[in-house]
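> Pasting the sequence and the predicted model now:
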Amino acid sequence: MVQYFGQLENAFQRMKIINGCSDTEVSFHFDADGNGTLDTAWPDGYYYNPSATRNECFVFHPDGGGLNYRDPPLEYLIDAADYLQSGYGMYDFTGGLNYDGIGSTCFGGSSDCTDLSVTLKGVTEEFCRAFNKKVFNDDTIPEHETWAWNPSYGDATSFFRGQYRGWSATPTLAHPAVSFLSGNPMGCFKVFTSSPAQYVIYSVLLAR
């Protein structure tokens, strides 16, 4: 998973530098239903970005990022019955989160400093520990005490389609309980007030 996140970041940077794609042109559009066509309607349309008019700006296209979309291995995930949101087993490419110590940090819902990132929610505690051990050589799982599990986060409005989203209270990794994640572009934490327990891994693709 760490390697895949690294490949996503490298592909994103390569498209910006070599292909001349702005961040708002980058598309994570992929063939979600596996029918061989890239549709703009659900489910392919999750990440349809109307600003992406060139194949060179598609992460999952040979002319762009050159990557294949890979579903997260099920063994990394909790049971679907214990997952508290829609989109079980899907990566969330989002422009709606602000990460402390990375880029600009702002509060109050501004979209000016939300970062572009990929998250995977609903990983197991064991995988969360292993992920942090790999990244930080520390298997501690911080609990984010001020970011309660938001059932609406992860819905269609959070998917990156060339626009950054501001929230009424922008979720941010800024609480002292997760201070060792501050400034780190990758990590895993436990979501406060979640029952059953929910764990989230993240990787920042572009700090703003």
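On my side now, so go ahead.
> Residue nearest the middle of the chain, spatially speaking?
residue 118 (1.7 Å; C-alpha atoms, centre = their mean).
> Can you tell me the element that one falls in?
Element membership for residue 118, per DSSP states H and E: strand 115-123.
> who touches the residue nearest to the centre of the chain in this structure?
5, 8, 91-94, 202-203, 205 (C-beta atoms under 8 Å, 6 or more residues apart in numbering). (Each C-beta comes from the backbone N, C-alpha and C, glycine too.)
> quick one, phi psi at residue 186?
Backbone geometry at residue 186, expressed as degrees, to the nearest 10, gives phi -150, psi 140.
> now it, nearest residue through space, not along the chain?
residue 203 (4.6 Å; C-beta to C-beta, 6 or more residues apart in numbering).
> Do I have it right that the one you found meets residue 185?
Yes: shown here, residue 203 and residue 185 form a contact pair, counting by C-beta atoms under 8 Å, at 6.3 Å.
> joint contacts of these two?
Counting by C-beta under 8 Å, 6+ apart, the residues touching both residue 203 and residue 185 are residue 9.
> Just the pLDDT for residue 10.
pLDDT for residue 10: 95.
> which outside residues touch the helix or strand containing the residue nearest to residue 186?
Assigned by DSSP H and E, residue 203 belongs to strand 199-206. Contact partners of strand 199-206, identified using C-beta under 8 Å, 6+ apart, comprise 1, 5, 8-9, 12, 23, 78, 93, 97, 99, 102, 115-125, 127-128, 131, 141, 185-191.
> Would you mind finding the longest helix in this protein?
helix 2-17 (DSSP state H).
> outside of that helix, which residues touch it?
21-23, 26, 56-57, 59, 64-67, 70, 116, 118, 131, 134-135, 185-186, 203, 205-206.
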